[in-house]
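K.L.:
Coordinates for the following, if possible.
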Amino acid sequence: MPSTFHEIPLHRPSTPLLDRIDDTESLRALDESQLPELADELRAFLLWSVGQTGGHFGAGLGVIELTIALHYVYHTPDDRLLWDVGHQAYPHKILTGRRDQMASLRQKNGLAAFPRRSESPYDTFGVGHSSTSISAGLGMAIAAGLQGLDRRTVAVIGDGALTAGMAFEALNHASEVEANMLVVLNDNDMSISRNVGGLSNYLAKILSSRTYSHMREGSKKVLSKIPPAWELARKTEEHAKGMLVPGTLFEELGWNYIGPIDGHDLPTLVRTLKNMRELKGPQFLHVITQKGKGFSPAEADPIGYHAITKLEPKAPSNGVSKPKFSNIFGQWLCDMAEQDERLIGITPAMKEGSDLIAFSERFPKRYFDVAIAEQHAVTLAAGMACEGAKPVVAIYSTFLQRGYDQLIHDVAVQNLDVLFAIDRAGLVGEDGPTHAGSFDLSYLRCLPNMLIMAPADENETRQMLTTGYLHEGPAAVRYPRGTGPGVPIDPVLEPLPIGKGVLTRRGEKVAILCFGTLHQQASKAAEALNASVANMRFVKPLDTQLIAELSASHELLVTVEENAVMGGAGSAVNEWLLAQGIKLPVLNLGLPDIYVEHAKPAEMLAECGLDAAGIEAAIRARLDRL
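P.N.:
The predicted structure is shown next:
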């Protein structure tokens with residue numbers, strides 16, 4: 001079996017060792033000398049299985065050896081193993097009894113894209129957003145200690161996730177409570193240090209050994225009675241380690257830092273982890289891995305191969321490709337930046353996803369990637385706005401939730417001129433509920449001073465971005481993942497009249513008030529029902545004049561949105577009608593009061609009754625009760 005693949009296998013590879021692994025007990029029954037062979041088989045199987053289903057790719061390839069070593073040394077699931085974000089957890093799923101279910105990955109009723117507690121006892125904490133593992137692991141370690149359990153806790157966090165303040169808050173707290181836990185820093189970008197090799201691996205074994213630990217603790221007891229001597233010894237040790245390893249920061253936070261070591265060297269990983277499992281207090285292991293390890297295209301392009309789609313024959317192209325909503329935003333950002341030098345683009349580590357690539361290249365001094373730090377991104381924009389800049393924050397709907405306090409306190413309360421380009425609004429498909437943008441209309445609508453827009457198509461997206469940018473005060477445009485209906489885009493940067501919707505179809509009895517890109521589905525349902533359709537465009541302020549006109553001429557109002565129906569745009573319509581004393585039946589259609597499980601986007605819409613057939617059926621059922 002080759003150690004490096006140049007293409008994804010089309011047929012299931014032979015994996016005799018892996019086929020014997022039904023749980024971690026069977027893994028720990030292997031001889032340590034068999035682990036490198038198991039790593040080759042696991043890497044081959046991962047390549048093949050993700051090729052069948054699509055999914056996150058490069059990160060999992062980079063932690064093959066680390067995953068094997070952790071499950072081999074620690075007594076999982078009794079020992080708690082937490083994965084930060086979870087992009088890298090496919091090898092973990094394969095080794096923990098889910099190998100035969102990998103064909104269902106990210107599909108309706110199949111395995112989830114990330115660890116989740118309801119799926120397996122080995123998934124000790126549900127994830128999807130980054131930088132939560134140390135806090136959650138610390139909570140587990142404290143709980144184990146209070147219950148008198150000799151249980152180990154391990155949190156695996158990537159170097160990118162360490163850019164979030166929450167991770168450092170947990171690191172700082174752990175030393176105060178002297179929790180028995182291990183944090184493994186998976187450094188796959190060499191962003192902290194390139195100091196890795198034979199000497200570093202050797203030092204890791206020494207520093208993690210029980211002998212060194214006993215000597216250190218014994219010396220501390222003796223020298224602590226002579227404060228000047230202990231302080232000198234402590235500084236000498238710190239200085240010596242600081243010359244050879246980059247762990248001074250973590251040592252200062254109270255962690256026993258070991259590393260960096262080669263994360264693909266299984267013997268070193270196993271030996272170091274065995275040593276560290278016996279150590280008390282907060283332990284920190286720094287491992288260097290290569291994202292995409294073992295698959296040469298992913299090694300060369302780790303960003304491009306972060307995730308892949310299912311391998312299947314390409315359908316014939318008609319030469320016409322529609323831009324994604326993120327592409328429309330990226331082009332608009334560049335066009336507006338050409339016209340206004342005050343524009344500044346900000347993203348929390350989503351340059352590629354939100355399509356700021358061209359902007360970052362053309363306007364590098366006005367581009368800021370703040371890493372995984374959504375709270376900082378929002379308040380950074382607020383500070384810029386205070387000084388006359390025009391910041392545009394490109395952020396996924398689900399990630400803006402993490403900066404909500406800053407959105408309220410630092411932007412909205414001060415009525416600052418910040419535009420939020422909210423990507424991935426609504427259901428996002430196979431990544432599931434942790435990544436769905438289900439709540440932004442609800443959590444934005446309640447904020448004074450907010451201008452909130454939801455485009456029905458590509459051209460409106462561009463118009464609304466211009467509207468929000470020129471508006472004085474906080475504004476938000478929310479748009480979905482993927483492509484739209486294919487409406488031609490006007491290159492002119494013209495704003496829309498604020499708070500004005502448009503009637504796109506005149507019918508009878510039923511008026512459908514649509515907020516956002518479900519307008520196409522609503523229009524199909526309206527054709528079958530001979531209903532009126534309004535593209536409302538603005539969630540705040542509402543076009544109350546249009547609502548009043550439709551209320552006076554129809555027997556039933558229907559609101560449609562790809563947002564939680566509770567507290568969303570439909571609720572805003574209900575509140576206004578009630579305040580005006582207008583007594584008219586209203587049907588609110590939106591995302592139900594559940595977390596919608598992963599599936600293809602069309603399947604999710606159908607499940608929620610938000611495709612054309614579901615909208616039509618819900619309206620007919622409501623008409624029957626009138």
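
K.L.:
mind listing what the residue nearest to residue 414 when sequence neighbours are not counted touches?
P.N.:
Excluding the flanking residues, the one nearest residue 414 by CB to CB, 6 or more residues apart in numbering is residue 382, at 6.8 Å. Where you see a C-beta, it was placed from the backbone N, CA and C, and this is true even at glycine. Applying CB atoms under 8 Å, 6 or more residues apart in numbering to residue 382 gives the contacts 406, 410, 411, 414, 416, 418.

K.L.:
cool, and residue 367?
P.N.:
Per CB under 8 Å, 6+ apart, neighbours of residue 367: 344, 345, 356, 359, 360.

K.L.:
One more: residue 336?
P.N.:
Counting by CB under 8 Å, 6+ apart, residue 336 touches 343, 465, 466, 469, 493.

K.L.:
ok, the last one - how many residues close by?
P.N.:
Per other CB atoms under 10 Å, the neighbour tally for residue 493 reads 18.

K.L.:
what about the nearest residue to it once chain neighbours are set aside, helix or strand, and which?
P.N.:
In space, and not counting its chain neighbours, residue 493 is closest to residue 466: 4.8 Å by CB to CB, 6+ apart. Element membership for residue 466 (DSSP states H and E) is helix 458-470.

K.L.:
Of the contacts of residue 336, which one scores lowest on pLDDT?
P.N.:
Minimum pLDDT for these is recorded at residue 493 (95).

K.L.:
if I look at that residue, how far off is residue 459?
P.N.:
Using CB to CB, to the nearest Å, we find residue 493 at a distance of 12 Å from residue 459.

K.L.:
what about the strands in the stretch 351-500 of the chain?
P.N.:
Per DSSP state E, counting those that start in this stretch, the stretch 351-500 of the chain carries strands over the ranges 367-369, 390-396, 419-423, 451-453, 475-478.

K.L.:
so which of these comes closest to residue 83?
P.N.:
strand 390-396 (20.1 Å; CB to CB).

K.L.:
tilt between that closest one and strand 419-423?
P.N.:
Going by axes from the mean of the first three to the mean of the last three CA atoms, to 10 degrees, strand 390-396 is angled at 20 degrees with respect to strand 419-423.

K.L.:
Could I get the CA-only coordinates of strand 390-396 as CSV?
P.N.:
C-alpha atoms of strand 390-396 as CSV (Å, rounded to 0.1, in the frame of the first residue of the first chain):
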residue,chain,number,x,y,z
LYS,A,390,-16.8,52.1,6.3
PRO,A,391,-16.2,48.5,7.5
VAL,A,392,-17.9,45.6,5.9
VAL,A,393,-17.9,42.4,8.0
ALA,A,394,-18.2,39.2,5.8
ILE,A,395,-19.4,36.5,8.2
TYR,A,396,-21.4,33.3,8.2
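
K.L.:
list the contacts for residue 19?
P.N.:
residue 99.

K.L.:
returning to what we had before: isn't the residue nearest to residue 493 right up against residue 332?
P.N.:
Yes. In this structure, residue 466 is within contact of residue 332 by CB atoms under 8 Å, at 7.3 Å.

K.L.:
Tell me the helices and strands packed up against the helix holding residue 466.
P.N.:
Contacts defined by 3 or more CB pairs under 8 Å, 6 or more residues apart in numbering; DSSP states H and E place helix 458-470 against helix 325-339, strand 419-423, strand 451-453, strand 475-478.

K.L.:
shared neighbours, residue 466 and residue 332?
P.N.:
residue 493.

K.L.:
So which of these two has more stuff around it?
P.N.:
residue 332 (24 against 21).

K.L.:
Tell me if residue 108 really is in a strand.
P.N.:
No. Applying DSSP: H, G, I helix; E, B strand; the rest coil, one finds residue 108 to be coil, outside a strand.

K.L.:
Skipping its backbone neighbours, what lies nearest it in space?
P.N.:
residue 599 is the one closest to residue 108 (CB to CB, 6+ apart), at 3.6 Å.

K.L.:
Tell me how many other residues crowd that neighbour.
P.N.:
The burial count for residue 599: 20, using other CB under 10 Å.

K.L.:
How far off centre is the helix or strand in which residue 41 is found?
P.N.:
Using DSSP H and E, residue 41 falls within helix 35-53. Helix 35-53 sits 24 Å away from the centroid of its parent chain (CA atoms, centre = their mean, to the nearest Å).

K.L.:
Next: stretch 616-626.
P.N.:
Worked out by CA atoms, centre = their mean, stretch 616-626 lies 38 Å from the chain centre.

K.L.:
Let me know the average pLDDT across that stretch.
P.N.:
On average, stretch 616-626 scores 95.

K.L.:
Buried residues in that stretch, which are they?
P.N.:
The neighbour-count check on stretch 616-626 (16 or more other CB atoms under 10 Å) flags 616, 618, 619, 622, 623 as buried.
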